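J.: A structural model of the following input is requested.
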Amino acid sequence: MQAPVAPRSNRLEFLNTKPPANYVAGLGRGATGFTTRSDIGPARAAPDLPDRSTPIGAAPASAQGVGRGRGKGPGDEEEEEEEAEDKGYDEHQKFDEFEGNDMGLFASAEYDEDDKEADAVWESIDVRMDSRRKDRREARLKEEIEKYRASNPKITEQFADLKRKLYDVTPDQWDSIPEIGDYSFRNKKKRFESFVPVPDTLLEKARQEKEHVTALDPKSRANGGTETPWSQTPVTDLTAVGEGRGTVLSLKLDRLSDSVSGLTVVDPKGYLTDLKSMKITSDAEISDIKKARLLLKSVTQTNRKHPPGWIAAARLEEVAGKIQAARQLIQKGCEECPKNEDVWLEACRLSSPDEAKAVIARGVKAIPNSVKLWMQAARLEHDDVNRSRVLRKGLEHIPDSVRLWKAVVELANEEDARLLLHRAVECCPLHVELWLALARLETYEQAKKVLNKAREKLSKEPTIWITAAKLEEANGSTLVGKVIERGIRSLQREGVEIDRETWMKEAEAAERAGSVATCQAIIRNTIGVGVEEEDRKRTWVADAEECKKRGSIETARAIYAHSLTVFLTKKSIWLKAAQLEKSYGTRESLDALLRKAVTYRPQAEVLWLMGAKEKWLSGDVPSARAILQEAYAAIPNSEEIWLAAFKLEFENHEPERARILLAKAREKGGTERVWMKSVIVERELGNTSDERRLLEEGLKLFPSFFKLWLMLGQMEDRLGRQAQAREAYDAGLKHCPNCIPLWLSLASLEERISGVSRARAIFDMSRKKNPQNPELWLASIRVESKHGNKTLADKYMAKALQECPSSGLLWASAIEMAPRPQRKSKSSDALKRSDQDPCVIAAVARLFWQDRKVDKARSWFNRAVTLAPDIGDFWALYYKFELQHGSEDIQKDVLGRCIAAEPKHGEKWTALSKAVENSHQPTDAILKKVVVSLGREENSTVV
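T.: Sure, this is the predicted structure:
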């Protein structure tokens, strides 16, 4: 039987055999081995090849058992330890979790320059890479922080808006916040409460305490009733009483003193003041006084030369009502501190009137150089003679006391005062008030000598020079300016700085004292000190305005006068000076100033016109004509002067002279204003043909001047030629499509001729060509209201307020149109939109008037005429209100203010003032006519 064949293996036979000892893979085909960075650590060099003489199969001793996966021989561990010592590191300790096998590889290697350079290069690379990622990293970090804060806000951030709203909380609202209570009892467990009956002894004790005894017990009768039974005295907690008194005393003493290193140091000023204000109201305060007495006793005993301690102790006794003890204490204080004037003054105060003189006498004997003691001694006397005697006695000891000299001079008559002041300036030569007082009492010649001596003693005192100037002015001398000039030069030589503001205050003081020339001299010599040349005009004008506000008119006049000597041709300064003279000066001074002004500025029309107007207002028409003739000679082609001359003649009922002047002006090439004034003259004279001719000629020359078209349409309408008037208005609108008065006149004409529908169409066309115009909207609203279309009028008002939300004219009309209950809210909305518009303010004033709130209405009317003094309708409302509710003085005041304002505008004011019959009426007459017109309008509305 054949033996079974063993299975054939796929692996080659040599792979299962042991390699030779000197076998190196790939060496036969020329391949060489290599090592990587990871192989450096554990790899070992190949063993040395054995000598070929060694028989095959007999491995050398050093190579036995060193195969892969084999165990170690008994001597292998010792060999590895020796090898490790030779290498200088332990291969089992060189691997690091973070740095790999490089941890201890080069620990013993030398760190040279190449390694340093390499580290620097790698570090720069790391920095560069870090900077490239820095922006993205920071942005990501910031985004994460914001996201975290948004999802987890702080408590303060959550309540930040509420904390900001606390700013609007008023003190009353803050006080009305209820105090938080203690709600913690809800979470507390209720304790077991037990109740026991009250013992009889406690009830009996309470009864005895409240019992009123009307008879003495036997024990009290045995002692004569002077002993109170123990049971009749309420038993109190003496410990609690003692603690309470101790607490009160400690609080008061802490307030009066401070502790320094365990010692109580009393503030003399503080405790003296507090003791002076103490009042005894209870037994507890009596105990406090005892404690304070002990405290002050320790103060006076530890430091007997401490005057405030004696004064405080005396005042304490005074508060306690022991005046005799207080006098004894202060007497001891005088003995211990005889050189302190406060102790003597306190002793004098505490003494009786009879003893006070003796006390103060001892005081001045102990301290003869005390001014306070001598003044107190003088106050104790009852007549001026004895007071003067005491003060003179004091001056014997203290001749250099200015206070004593002033007191004794005040008590003396004029002659004695002069003698005393002579002695006073000898003893106190450096006190300027004494020198000045002496100069006032002396004659003119002697006063000059006194001031010269004072100037020698006090060479740096400017008051002496100012007093000298006032002296010269009072005696009619012309040397006032020279004195001030010399004084300033002398002060500058002495090194005194000339302060411009201080000298201006001295000038104002001189003005108040009546020394106008001194004031002017001071201004002339000091107004330019410290002012740059380019800032002089602005600074001087500002100074003059400030002085005028303070009421120093002469100082402001002096500043303007000096400014005009430097800036002779500045029209603005001449005008401000003229306004000052007009407000505070006389007509003569104003005329002189204007004459001087036109001499230096002959081309200034306003100066000529101001002078002519002042002459006209004063009633001197010939002088006004002469001024205008001079002005025409200086400025021959000035239209303003032509028109001023025309107005002068026209207002003084000289129409022929006015026509001649206007004809000359038209020949000279007058502007549209000249033609308009010419038409006005002809209209007043009733020359319709000349009026039409001038209008046609003027429109040929000035077709874009809307007033001529308006006057032409009004003339045709006045003559009853409505068709021609319509043609005139249409022609005017072709040349002036943005002229609101022409649109209003045409709409009014069409309303009267063709009805409201035609007027409505014209208003629609005008609003398209002139959007956002409140006057056109208001006229449309009034037309609809007039014809009873209230719904359409309200609709127009809403649209108008949307298109012109800040128009005061529309808001005022909206307030008037609103029902009475809604007017208050409507006025509030109007004030929010335009709180400074005079129309709104006048409408609110009328609301107050209707509600009988007189004071508020007066205040708002006054505000309206202050904001818009040129609108006559407001003055008429104000005057009508005062006629109904004001006194006669207030009515005169409103009338005078209106005349001074000379209003020119206003719907009702213009309609009346420009009527032909009212062309020459004064302002007060126009005002009264407007008031009558307002009354008729109100009556018609009521009906």
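J.: neighbours around Arg524, how many?
T.: 18 (other CB atoms under 10 Å). Yep, even glycine has a C-beta here, placed from its N, CA and C like the rest.
J.: what sits up against the host helix or strand of it?
T.: When elements are assigned from DSSP states H and E, Arg524 belongs to helix 516-526. By CB atoms under 8 Å, 6 or more residues apart in numbering, the residues outside helix 516-526 that reach it are 466, 469-470, 473, 480-481, 483-485, 488, 498, 500, 503-504, 506-508, 510-511, 554-555, 558-559, 561-562.
J.: do the same with stretch 771-786
T.: 740, 743-744, 747, 751, 756, 759-760, 763, 766-767, 770, 790, 792-793, 796-797, 799-800, 803-804, 807, 809-810, 813, 817.
J.: filter the residues you listed down to the buried ones.
T.: 740, 743-744, 747, 751, 756, 759-760, 763, 766-767, 792-793, 796-797, 800, 804, 807, 809-810, 813, 817 (16 or more other CB atoms under 10 Å).
J.: low pLDDT regions in this protein?
T.: The model of the chain has pLDDT under 70 over residues 1-15, 27-109, 179-195, 198, 209-287, 940-943.
J.: in space, not sequence, find me the middle residue of it.
T.: Tyr167 (18.7 Å; CA atoms, centre = their mean).
J.: so Pro20: helix, strand or coil?
T.: Assigned by DSSP: H, G, I helix; E, B strand; the rest coil, the conformation of Pro20 is coil.
J.: hmm, Phe848 is touching Asn862, no?
T.: No: with contact defined as CB atoms under 8 Å, Phe848 does not count as touching Asn862 (12.0 Å).
J.: the more surrounded of those two?
T.: Higher neighbour count among Phe848 and Asn862: Phe848, with 19 against 16, using other CB under 10 Å.
J.: so what's that one closest to, chain neighbours aside?
T.: The shortest distance from Phe848 to any non-neighbouring residue, by CB to CB, 6 or more residues apart in numbering, is to Ala857 (3.7 Å).
J.: show me the contacts for Pro429.
T.: Lys457.
J.: close enough to count as contact, Val531 and Ile498?
T.: No: Val531 is not in contact with Ile498 according to CB under 8 Å; the separation is 11.9 Å.
J.: the buried ones among the contacts of stretch 771-786 in helices, which ones?
T.: 740, 743-744, 747, 751, 756, 759-760, 763, 766-767, 792-793, 796-797, 800, 809-810, 813, 817 (DSSP state H).
J.: contacting residues around Val840?
T.: So Val840 contacts 808, 811-812, 815, 827, 830-831, 834 (CB under 8 Å, 6+ apart).
J.: run the last query once more with 6 Å
T.: Applying CB atoms under 6 Å, 6 or more residues apart in numbering, we find Val840 in contact with 808, 811-812, 830, 834.
J.: which one is Val496 nearest to, not counting chain neighbours?
T.: Lys460 (5.1 Å).
J.: helix/strand/coil for that neighbour?
T.: Lys460 ends up coil, using three-state DSSP.
J.: thinking it is in contact with Glu494, fair?
T.: Yes: counting by CB atoms under 6 Å, Lys460 does reach Glu494; the two are 5.0 Å apart.
J.: that older thread, just the buried ones from the contacts of helix 516-526, in PyMOL syntax?
T.: To isolate the buried subset of those in PyMOL, counting by 16+ other CB under 10 Å, use the following:
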select buried, resi 466+469+470+473+480+481+483+484+485+488+503+504+506+507+508+510+511+554+555+558+559+562
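J.: and the gap between the closest residue to Ile926 other than its chain neighbours and Ala876?
T.: Closest residue to Ile926 apart from its sequence neighbours, by CB to CB, 6+ apart: Ser913 at 5.0 Å. Distance of Ser913 to Ala876, computed by CB to CB, to the nearest Å: 11 Å.
J.: the more surrounded of the two?
T.: Using other CB under 10 Å as the criterion, Ser913 and Ala876 rank with Ala876 on top: 25 against 21.
J.: contacts only, for that one.
T.: With contacts defined as CB under 6 Å, 6+ apart, Ala876 is in contact with 927, 930-931, 934.
J.: likewise for Ala292?
T.: Contact partners of Ala292, counting by CB under 6 Å, 6+ apart, are Leu316.
J.: can I assume it sits in a helix?
T.: Yes: the assignment for Ala292 (three-state DSSP) places it in a helix.
J.: how close does it get to Ser298?
T.: Going from Ala292 to Ser298 by CB to CB gives 11 Å.
J.: again with Thr156
T.: Distance from Thr156 to Ser298, by CB to CB: 53 Å.
J.: please apply the same query to Ala150.
T.: Taking CB to CB, one finds Ala150 at 68 Å from Ser298.
J.: show me which of these two is the more surrounded one.
T.: Ser298 (13 against 9).
J.: ok, the more buried one to Lys291 distance?
T.: From Ser298 to Lys291 the distance is 11 Å (CB to CB).
J.: and Ser834, by the same measure?
T.: Distance from Ser834 to Lys291, by CB to CB: 71 Å.
J.: compare neighbour counts for those two and give me the winner.
T.: Ser834 (19 against 16).
J.: can you tell me the number of residues neighbouring the closest residue to that one other than its chain neighbours?
T.: Of all residues not flanking Ser834 in the chain, Gly808 sits nearest, at 4.6 Å (CB to CB, 6+ apart). Gly808 has 23 neighbours, counted by other CB under 10 Å.
J.: return the residues in contact with Gly808.
T.: Each residue near Gly808 by CB under 6 Å, 6+ apart is listed here: 834, 837, 839-840.
J.: one more time with 8 Å, if that's ok
T.: So Gly808 contacts 830, 834, 837-840 (CB under 8 Å, 6+ apart).
J.: based on its surroundings, how many neighbours for Leu831?
T.: Neighbour tally, Leu831, other CB under 10 Å: 17.
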